[in-house]
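Q: How does the following fold in three dimensions:
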Amino acid sequence: MTMNPLPASRPRERIIETASRLFFRQGYCSTGINQIISESGVAKASFYSHFPSKETLAIAWLKQREEVWIRQLKERIAQHASADRRIAAMYSMWYDQIREEGYRGCGFINMAGEFSNEESPIRAVVRDHKNRVRQLIANYVLNEYRAVMKPSEFEELVTVIYSLFDGAIIQAQNFMQDWPIEAALKASIKMLAQYRAP
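A: Have a look, this model is predicted:
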């Protein structure tokens with residue numbers, strides 16, 4: 001699963017690709033603009049013409065990452081007719097991500113964790129992303145359950161499945177093992193078994 005599929009030939013793409021690697025390896029606060037400029041091989045003027053600040057670069061990176069990730073997730077779940085198979089397809093994203101990126105966890109949560117200010121624009125981007133993931137689960141993964149459940153029960157199901165899914169990658173990062181993903185997948189499938197879809 002490639003998070004940065006664009007060829008790193010143009011300055012803007014090289015900057016984002018370099019920032020992605022450094023933010024994941026070192027964290028946002030420990031990565032300086034000068035290091036990004038140096039390792040991306042762009043001139044300082046070129047950097048600032050694309051990104052007036054490190055914060056604007058981080059937001060651009062998160063938005064690009066989300067675009068690729070959401071597209072890949074939709075492609076995976078669209079291949080399956082049943083909710084349990086769509087859920088399994090969701091978790092395949094995490095398996096591929098930890099294989100490609102190591103046990104680095106969720107780039108969005110990692111980034112949000114570096115900002116204590118709840119009003120931070122970066123934290124707002126992360127919250128918006130997580131809300132979109134939750135809505136994707138409701139509308140693309142569990143939608144057929146909507147017709148056979150009370151609205152409050154459906155919302156509860158969506159919240160539980162989302163929480164298991166999102167928490168799995170964080171615990172895989174914490175323990176540096178796959179078992180939290182496997183456990184969350186099993187729990188999600190077990191949760192579905194309590195309901196009858198049409």
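
Q: what number of residues lie near the nearest residue to Glu101 once chain neighbours are set aside?
A: Closest residue to Glu101 apart from its sequence neighbours, by CB to CB, 6 or more residues apart in numbering: Phe24 at 6.6 Å. For glycine as for every other residue, the C-beta is placed from the backbone atoms N, C-alpha and C. Around Phe24 there are 18 other residues, counting by other CB atoms under 10 Å.

Q: Lys150 now?
A: Residues lying near Lys150 (other CB under 10 Å) number 9.

Q: ditto for Glu155
A: Residues lying near Glu155 (other CB under 10 Å) number 14.

Q: quick one on the thing from earlier: can you mark which positions in the host helix or strand of the residue nearest to Glu101 are buried?
A: In this assignment (DSSP states H and E), Phe24 forms part of helix 11-26. Within helix 11-26, the residues scored as buried using 16 or more other CB atoms under 10 Å are 11-24.

Q: What of stretch 117-126?
A: Of the residues in stretch 117-126, Ile122, Arg123, Val125, Val126 count as buried by neighbour count, 16+ other CB under 10 Å.

Q: Stretch 173-181 too?
A: Under the neighbour-count criterion of 16+ other CB under 10 Å, stretch 173-181 has Gln173, Pro180, Ile181 buried.

Q: Might you report the residue contacts of the first one?
A: Contacts for Gln173 (CB atoms under 8 Å, 6 or more residues apart in numbering) come out as Tyr103, Arg104, Gly105, Cys106.

Q: any chance you could read off phi and psi for the third one?
A: Backbone torsions for Gly105, taken as degrees, to the nearest 10, come to phi 80, psi -150.

Q: Can you get me a residue count around it?
A: Using other CB under 10 Å, Gly105 has 20 neighbouring residues.

Q: again, but for the last one
A: Using other CB under 10 Å, Cys106 is surrounded by 22 other residues.

Q: Please save the CA atoms from stretch 61-79 in PDB.
A: Written as PDB, here are the backbone C-alpha positions of stretch 61-79 (Å, rounded to 0.1, in the frame of the first residue of the first chain):
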ATOM      1  CA  TRP A  61       0.900  15.900   3.700                       C
ATOM      2  CA  LEU A  62      -2.100  14.700   5.800                       C
ATOM      3  CA  LYS A  63      -4.600  15.700   3.100                       C
ATOM      4  CA  GLN A  64      -2.600  13.900   0.400                       C
ATOM      5  CA  ARG A  65      -2.200  10.900   2.700                       C
ATOM      6  CA  GLU A  66      -6.000  10.800   3.300                       C
ATOM      7  CA  GLU A  67      -6.800  11.100  -0.400                       C
ATOM      8  CA  VAL A  68      -4.700   8.000  -1.200                       C
ATOM      9  CA  TRP A  69      -5.700   6.000   1.900                       C
ATOM     10  CA  ILE A  70      -9.500   6.600   1.500                       C
ATOM     11  CA  ARG A  71      -9.300   5.800  -2.200                       C
ATOM     12  CA  GLN A  72      -7.500   2.500  -1.500                       C
ATOM     13  CA  LEU A  73      -9.900   1.600   1.300                       C
ATOM     14  CA  LYS A  74     -12.900   2.200  -0.900                       C
ATOM     15  CA  GLU A  75     -11.400   0.100  -3.700                       C
ATOM     16  CA  ARG A  76     -10.900  -2.800  -1.300                       C
ATOM     17  CA  ILE A  77     -14.300  -2.800   0.300                       C
ATOM     18  CA  ALA A  78     -16.000  -2.400  -3.100                       C
ATOM     19  CA  GLN A  79     -14.800  -5.800  -4.100                       C
END
